[in-house]
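generate coordinates for the sequence data below:
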Amino acid sequence: MITITDYTTYADVRAVLGIDDLELSDATLGLTTYASVLQRTLRGTEDPSGKSLYTYYDELDAKSTLTDDEDTLFYLIKEFCTYTVAVACLPGLSLLVKKTESDGKATATRFSAESTFKDVAENVTQKWTDLKNEILSSIGATVVYNSVTPLTRVAPATDVVTG
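Sure, this is the predicted structure:
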């Protein structure tokens with residue numbers, strides 16, 4: 001199993017989500033669930049020859065000097081890893097994030113409405129998609145495993161009680 005911190009930092013994941021370490025701790029981000037999502041995503045994205053992002057990253061990380069194109073790809077993959085973990089955190093995040101914080105004298109409201117939090121989730125998910133597409137374009141890749149799909153609620157078309 002991989003370790004998230006080999007590919008990104010916990011601070012970077014929190015920065016993308018706009019939260020701090022009290023709301024999403026290192027211990028939570030270090031859970032194997034998030035490492036598993038990242039590993040499946042990296043191994044499930046391959047170029048036409050079958051070479052995965054996991055292999056690309058390891059090869060680029062081992063080199064002492066990178067060309068401009070290699071450097072760009074390396075940092076695209078690192079940023080993609082950050083957003084992969086961030087998107088994986090989204091389903092449970094609304095339970096962890098404080099919407100209002102007060103110290104007794106002053107009160108600050110961050111996500112003033114549920115729609116504000118949804119905007120953050122949509123923006124993070126869109127950036128993840130954009131990075132994925134840019135990487136795919138760079139390596140001529142296809143996605144074998146598309147791991148990150150945020151859970152959403154959908155109201156039933158009919159009332160489940162009365163039919």
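
tell me the predicted confidence for V120.
In this prediction, V120 carries a pLDDT score of 84.

name the helix or strand for it, please.
helix 114-139 (DSSP states H and E).

now do the buried residues in the longest helix along the chain.
The longest helix of the chain (DSSP state H) is helix 68-96. Within helix 68-96, the residues that count as buried by 16 or more other CB atoms under 10 Å are 73-74, 76-90, 93. For glycine as for every other residue, the C-beta is placed from the backbone atoms N, C-alpha and C.

can you tell me, leaving aside adjacent residues, what's nearest to A11?
Leaving aside its chain neighbours, A11 sits nearest to D21 (7.8 Å; criterion: CB to CB, 6 or more residues apart in numbering).

pLDDT weak spots in this structure?
98-99, 109-116, 141-163 (pLDDT under 70).

mind redoing it with 50?
150-154 (pLDDT under 50).

picking up where we left off before, between helix 114-139 and the longest helix of the chain, find me the angle.
160 degrees (axes from the mean of the first three to the mean of the last three CA atoms, to 10 degrees).

okay, the angle between the helix or strand hosting T55 and helix 68-96?
T55 is part of helix 53-62, with elements assigned from DSSP H and E. If you take the same axes, to 10 degrees, helix 53-62 sits at 120 degrees to helix 68-96.

on that earlier part again, pull out the buried positions in the helix holding V120.
Here helix 114-139 shows 117, 120-121, 124-125, 127-128, 131-132, 135-136, 139 as buried, counting by 16+ other CB under 10 Å.

can you name every helix or strand that it contacts?
helix 10-17, strand 45-46, helix 53-62, helix 68-96, strand 142-143 (3 or more CB pairs under 8 Å, 6 or more residues apart in numbering; DSSP states H and E).

L38 against T5, yeah?
No - L38 is beyond contact range of T5, at 10.6 Å (criterion: CB atoms under 8 Å).

neighbour count for those two, which is higher?
Neighbour comparison, L38 and T5: the larger count goes to L38, with 26 against 12 (by other CB atoms under 10 Å).

so how far is K118 from the more buried one?
24 Å (CB to CB, to the nearest Å).

same check, this time on D47
Separation of D47 from K118 (CB to CB): 34 Å.
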